[in-house]
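K.L.:
have a look at this fold, sequence not included:
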């Protein structure tokens, strides 16, 4: 019965600490890296398909340059995998 006439307790204000800000920044970075990985993977699939078409058309030089570009993007993908692993270990 005392609940009817009791005073309401003031709500505690949640304070955002520097640690909370750092965690948020890490999560945002993780999300950006995952988005970047998806973009690279889509580009890799597209370029692989285009290279096959170029080979069918007999344009071996253009196909080779695309495959070299694809190799560089695969290296970028591996680097972002490493960065994601580092972020997740923090």
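P.N.:
Thanks, I have the structure now. Remember, predicted model here, so these are calculated numbers, not experimental data.
K.L.:
per-residue confidence averaged over stretch 53-67?
P.N.:
The pLDDT scores in stretch 53-67 average 91.
K.L.:
gap between the two ends of that stretch?
P.N.:
End-to-end distance for stretch 53-67, by Cα to Cα, to the nearest Å: 12 Å.
K.L.:
mind listing residues that contact that stretch?
P.N.:
47, 50-52 (Cβ atoms under 8 Å, 6 or more residues apart in numbering). The way it works is simple: take the backbone N, C-alpha and C, and place the C-beta from them, glycine included.
K.L.:
ok, residue 37 - contacts?
P.N.:
Residue 37 makes contact with 77, 80-81, 84, according to Cβ under 8 Å, 6+ apart.
K.L.:
name the element residue 75 belongs to?
P.N.:
Using DSSP states H and E, residue 75 maps to helix 60-89.
K.L.:
list the buried residues of that helix.
P.N.:
Neighbour-count burial for helix 60-89, counted by 16 or more other Cβ atoms under 10 Å, picks out 63, 66, 70, 73, 77, 80, 84.
K.L.:
separation between the closest residue in space to residue 40 that isn't next to it in sequence and residue 34?
P.N.:
In space, and not counting its chain neighbours, residue 40 is closest to residue 77: 5.0 Å by Cβ to Cβ, 6 or more residues apart in numbering. Distance, residue 77 to residue 34, using Cβ to Cβ, to the nearest Å: 12 Å.
K.L.:
ignoring the adjacent residues along the chain, who's closest to the residue most central in space within the chain?
P.N.:
For the chain, the residue sitting closest to the mean C-alpha position, by Cα atoms, centre = their mean, is residue 34 at 1.6 Å. Distance criterion Cβ to Cβ, 6+ apart; nearest residue to residue 34, sequence neighbours excluded, is residue 84 at 7.1 Å.
K.L.:
ok now the longest helix anywhere in the chain, how far from the chain's centre?
P.N.:
Taking DSSP state H as the assignment, the helix of the chain that covers the most residues is helix 18-56. The chain centre lies 5 Å from the centre of helix 18-56; the measure is Cα atoms, centre = their mean, to the nearest Å.
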